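[1] Got a predicted structure here, sequence first:
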Amino acid sequence: MKVSRHKAKEILNSIACSPDTEEIDVRESYLRVLAENVLTERDYPDCRKSAVDGYAHIPGCENYISVGETGAGRKGADSIRGDETVFVMTGGNVPDNALAVARVEDCTVENGRVFIPQCKNGENINNIAEENMKGDVAAAKGSVVTDGLYPVLFYLGRGKVKVYKRPKIGIFVTGDEILEAGEEYRKGFVYNTNKYILESMFRKYGFDFEYAGHVKDSKEDVEAAFEMMSEKYDIIISSGGISMGKYDYVKEVFSTCGYEILFSRTAIKPGSPLMAAKKDGCTFIGMPGYPAAFMTNLVFYIIPFIKKCYGYETFENEEVFVVMGGKTSSKEGRFDINRAVVAAENGVLKAFDAGTQKTSHFISFAKVNALLLLDEETGSLSAGDTAKAVFL
């Protein structure tokens, strides 16, 4: 059953599993998805602190008597008189009634007196709760714990955090022509590439998967792989075996394994062969064998689908507008996803065709960093035309 790209997205979103939650040590939370709003448990800061090394004082005097010093984590004077000053290091507590802190480099000390230039009230003082108030949302449910958020959790003093559980993902590749890296090449054979496309892309997003191996092109082997994996994984992803060839057994095996086929092709190029099927709590995604088609479907359909299964609040690809730096070919009436090299030129994202858009070609991906999304009304584009793109 062939469906539009919009219908395929709709079906995938409808069958995306709702993940359970678990509480884990914050040290293990990198690239996990928050299953709770992370709130600040106190005011930040929780007391008035100095923003500089300097003298806390009440403006109004020309010079002051120094009555001590304090630093971060040290208890200083609770209050001062009008003619007194306390030397406060950056991050140190400011006396309750001090109104300003003068930078040390702007002050002079003579005969035991500190001469302080005129300051405005509040100068160089970080006030209570000016960053966050107790109970504020520091990080929203559905956020991914990445480079910025990860250290913030430690800044907030969190020991544990509630995250979504990761669904169990199993993958296998089919094809008698598949060689593994390091094996001696044989004419007409191809090296296993799709496993490593998944490995690199999944690592980027923190997705876990298990590789169930290389399945030969026989009905018995494919059926055995399905029976084993259906009991073990929430999501199964295969490469190859879903087209119309004599040895494409995946669709045939579904009838004996009890899967409901939701669609078997989508209206895009490259990568029209794409199968989604469901059985109890297991979702099967059948991907094309050509690496270029595999990569395209992975970026356009599968990464957003798995993000949703992982609990991402925002799971669809971020699309950007680009200006073509040259020509790229596509066909009106069809949704084409073209490979491109995108670079910023004078503040504008310029896109250049990768040189080939053939489904059977893959080496161009060594330089490709984006995919152009050319809808059914677009057709070919020339230099200066605009298009939507997603970065890899």
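    Alright, I've got the coordinates. Numbers count the residues shown, from 1 in each chain.

[2] Adjacent strands (with direction) for the top strand by length along the chain?
    If you go by DSSP state E, the chain has its longest strand at strand 335-345. Sheet pairing for strand 335-345, assigned by DSSP bridges, gives strand 268-269 (parallel), strand 348-353 (antiparallel), strand 370-374 (antiparallel).

[3] For the following helix or strand past the shortest one, name the packing helices and strands.
    Counting by DSSP states H and E, the element after strand 268-269 in chain order, helix or strand, is strand 273-279. Using 3 or more C-beta pairs under 8 Å, 6 or more residues apart in numbering; DSSP states H and E as the contact criterion, the secondary-structure elements in contact with strand 273-279 are helix 5-15, helix 250-257, strand 260-266, strand 282-287. Backbone N, C-alpha and C define where each C-beta goes, glycine included.

[4] Mind doing that once more with 6 Å?
    With contacts taken as 3 or more C-beta pairs under 6 Å, 6 or more residues apart in numbering; DSSP states H and E, strand 273-279 sits against strand 260-266, strand 282-287.

[5] For that strand, what does the pLDDT average out to?
    Strand 273-279 carries an average pLDDT of 89.

[6] Likewise for stretch 185-200?
    For stretch 185-200, the mean per-residue pLDDT is 92.

[7] between the helices and strands packed on strand 273-279, which gets nearest to Thr378?
    Ranking the helices and strands packed on strand 273-279 by proximity to Thr378 (C-beta to C-beta) places strand 260-266 first, at 17.5 Å.

[8] Which strands or helices does the closest one pack on?
    Against strand 260-266 (3+ C-beta pairs under 6 Å, 6+ apart) you get strand 2-3, helix 5-15, strand 273-279.

[9] how about the CA coordinates for it, as CSV?
    Extracted as CSV, the C-alpha positions of strand 260-266 are listed here (Å, rounded to 0.1, in the frame of the first residue of the first chain):
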residue,chain,number,x,y,z
GLU,A,260,-0.4,-5.8,10.2
ILE,A,261,1.2,-3.8,7.3
LEU,A,262,0.3,-0.1,7.6
PHE,A,263,2.1,1.0,4.4
SER,A,264,4.8,-0.4,2.1
ARG,A,265,5.7,2.6,0.0
THR,A,266,5.7,6.3,0.2
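
[10] looking at the helices and strands packed on strand 260-266, which is buried most?
    Scoring the helices and strands packed on strand 260-266 by mean neighbour count under mean count of other C-beta atoms under 10 Å gives strand 273-279 as the most buried, with a mean of 21.

[11] need the helices for the chain, in chain order.
    Taking DSSP state H, the helices of the chain run over residues 5-15, 149-155, 194-205, 219-232, 250-257, 291-297, 303-310.

[12] Highest mean neighbour count out of these?
    helix 291-297 (a mean of 24).

[13] What are the contacting residues of that one?
    193-194, 197, 270-271, 274, 287-288, 337, 359, 362 (C-beta atoms under 6 Å, 6 or more residues apart in numbering).

[14] repeat for stretch 371-384
    For stretch 371-384, using C-beta under 6 Å, 6+ apart, the contacting residues are 324, 326-330, 332-333, 335-338, 340, 387-390.

[15] Buried residues, that stretch. List them.
    Residues of stretch 371-384 classed as buried by neighbour count (16 or more other C-beta atoms under 10 Å): 371-374, 378, 381.

[16] again, but for stretch 62-77
    63-64, 69-70, 76-77.

[17] from those, which single one is nearest Lys350?
    Among the buried residues of stretch 62-77, and counting by C-beta to C-beta, the member closest to Lys350 is Thr70, at 55.3 Å.

[18] wait, the closest one sits on Ala77?
    No - assessed by C-beta atoms under 6 Å, Thr70 is found out of contact with Ala77, at 7.3 Å.

[19] Distance from the chain centre to the longest strand of the chain, please.
    20 Å (C-alpha atoms, centre = their mean, to the nearest Å).

[20] Pull that strand out as CSV, backbone CA atoms only.
    What follows is strand 335-345, C-alpha atoms only, in CSV (Å, rounded to 0.1, in the frame of the first residue of the first chain):
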residue,chain,number,x,y,z
PHE,A,335,8.6,14.9,-3.4
ASP,A,336,12.3,14.9,-4.0
ILE,A,337,14.9,14.9,-1.3
ASN,A,338,18.2,16.1,-2.8
ARG,A,339,21.7,15.9,-1.3
ALA,A,340,23.3,19.3,-0.9
VAL,A,341,26.4,21.0,0.6
VAL,A,342,25.3,24.1,2.6
ALA,A,343,27.6,26.9,3.7
ALA,A,344,27.1,30.4,5.1
GLU,A,345,28.1,33.2,2.8
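
[21] got the angle between that strand and helix 5-15?
    With axes from the mean of the first three to the mean of the last three C-alpha atoms, to 10 degrees applied, the angle from strand 335-345 to helix 5-15 works out at 90 degrees.

[22] Contacts for strand 335-345, please.
    With C-beta under 6 Å, 6+ apart, strand 335-345 has contacts from 5, 268-269, 296, 322, 328, 330, 349-352, 354, 357, 364, 367-372, 374-376.

[23] same thing but at 7 Å, please
    5, 267-269, 296, 300, 322, 328, 330, 349-354, 357, 364-365, 367-376, 389 (C-beta atoms under 7 Å, 6 or more residues apart in numbering).

[24] So how do I select the buried members of those residues in ChimeraX?
    Here is the ChimeraX command that picks out the buried ones among these, judged by 16+ other C-beta under 10 Å:
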select :5,267,268,269,296,300,322,328,330,349,350,351,352,353,354,357,364,365,368,370,371,372,373,374,389
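
[25] give me every residue that touches Ile178.
    Ile178 neighbours (C-beta under 7 Å, 6+ apart): 190, 192, 214.

[26] same thing but at 10 Å, please
    189-195, 214-217, 239-240, 289 (C-beta atoms under 10 Å, 6 or more residues apart in numbering).

[27] still on that earlier bit, closest to Phe115 out of the buried residues of stretch 371-384?
    Checking the buried residues of stretch 371-384 one by one against Phe115 (C-beta to C-beta), the nearest turns out to be Leu371, at 65.2 Å.
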